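Visitor: Predicted model, plus sequence, below.
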Amino acid sequence: MAEALASPALGPALGAIQERLAGLAGFSESDVLRNRLLRAGPILSRLPLDRASLDRASIDHPDWAALLDAVTVQETRMFRAAAQIAAFRAEVLPALAPGGTLSLVSAGCATGEEAWTLAILATGLGRPWQVEGLDLCRPALEAAVAARYRLGPPDALREVPEADRAMLDIADGWFEPVAALRPQVRFRRANLLDACLPDAAADAILCRNVLIYMTEEGRLAVLKRLVAALRPGAALLLGPTDRPPRGIGLQPWSRDLIGIWRREGADA
């Protein structure tokens with residue numbers, strides 16, 4: 001089926017699938033997406049491609065869910081983009097509104113290493129905290145919950161500061177977060193295009209290297225939902241190439257912190 005879809009005769013079918021994925025999850029057309037689609041031949045062969053069926057497609061339909069599992073990019077690691085994480089820890093986390101439980105979110109959490117990174121950062125704050133990881137890909141979420149990862153190669157802990165490795169159990173070519181972190185971390189399947197978080201509930205959201213795979217319309221929709229989910233004065237961490245448009249309710253956290261933004265508001 002993959003070879004057949006590559007033929008010019010079935011080009012419109014592949015185009016219809018890409019169009020529906022853009023509507024479902026905001027995925028933009030790209031060589032990465034096309035190649036992943038072509039490798040998902042058995043799943044594609046089960047999809048009804050008439051217009052009525054395409055219009056009824058949803059992320060919860062078994063075959064479309066399987067296709068989303070197959071095409072989502074799941075590249076992540078502990079303390080990824082270490083310089084940004086270090087700046088977030090040193091300058092942003094201590095400035096977040098005190099009182100109550102600190103709420104941190106990894107939006108597009110993949111296999112969970114970013115969420116567990118947030119948990120390690122939160123342990124040193126001396127206040128209650130919780131971390132939530134959100135992703136569409138079911139196998140990735142299963143891996144995030146299991147939280148047992150190979151050390152490599154390449155070295156999966158290459159960006160983790162030596163002092164923070166005490167929060168990981170490392171043995172026999174594997175590592176996992178220590179048991180004390182687990183009760184405050186949860187994972188949930190969610191579509192970032194939907195209202196997947198309550199308004200003004202999060203103190204910080206990380207959504208890094210996610211928007212680059214989305215259409216312009218999808219990026220804007222997700223950004224608006226993420227901003228709405230932040231408390232006034234809360235932080236949004238984005239990838240280095242993500243530039244929120246003016247008038248969306250964000251301002252740079254400071255001149256020196258690349259990719260870290262603050263939600264505007266009375267408490268900012």
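Guide: Thanks, I have the structure now. Just so you know, these numbers come straight off a predicted model, no measurement behind them.
Visitor: Partner strands of the strand or helix carrying Ser103, with direction?
Guide: Taking DSSP states H and E as the criterion, Ser103 maps to strand 102-107. Strand 102-107 has the following strand partners under DSSP bridges: strand 129-135 (parallel), strand 202-207 (parallel).
Visitor: Redo these as a markdown table? Include mean pLDDT, distance to Val222 and mean neighbour count.
Guide: All C-beta spots, glycine's among them, are computed from the backbone N, C-alpha and C. A markdown table is the format used below for those (pLDDT from 0 to 100; distance: least, C-beta to C-beta, whole Å; neighbours: other C-beta atoms under 10 Å):
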| stretch | mean pLDDT | distance to Val222 | mean neighbour count |
| --- | --- | --- | --- |
| strand 129-135 | 97 | 11 | 23 |
| strand 202-207 | 98 | 7 | 25 |
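Visitor: Point out where the stretch 1-150 of the chain drops to low pLDDT.
Guide: By pLDDT under 70, the low-scoring segments of the stretch 1-150 of the chain are 1-12.
Visitor: Please give me every residue in contact with the residue nearest the centre of the chain.
Guide: The centroid of the chain falls nearest to Gly108 when counting by C-alpha atoms, centre = their mean (1.2 Å). Contact analysis of Gly108 by C-beta atoms under 8 Å, 6 or more residues apart in numbering lists Leu134, Asp135, Leu192, Cys207, Arg208, Asn209, Val210.
Visitor: what does Arg262 give?
Guide: Counting by C-beta under 8 Å, 6+ apart, Arg262 touches Gly233, Ala234, Ala235, Leu236, Leu250, Gln251, Pro252, Trp253, Ala268.
Visitor: the helices in the stretch 51-200 of the chain, which residues?
Guide: Applying DSSP state H, counting those that start in this stretch to the stretch 51-200 of the chain gives helices spanning 51-56, 62-71, 82-87, 113-122, 138-146.
Visitor: Okay, and the beta partners of the residue nearest to Cys109 when sequence neighbours are not counted?
Guide: In this structure, Cys109 finds its nearest non-sequential neighbour in Gly133, 3.3 Å apart by C-beta to C-beta, 6 or more residues apart in numbering. Bridge pairing for Gly133 (DSSP bridges) gives the partners Ser106, Phe187.
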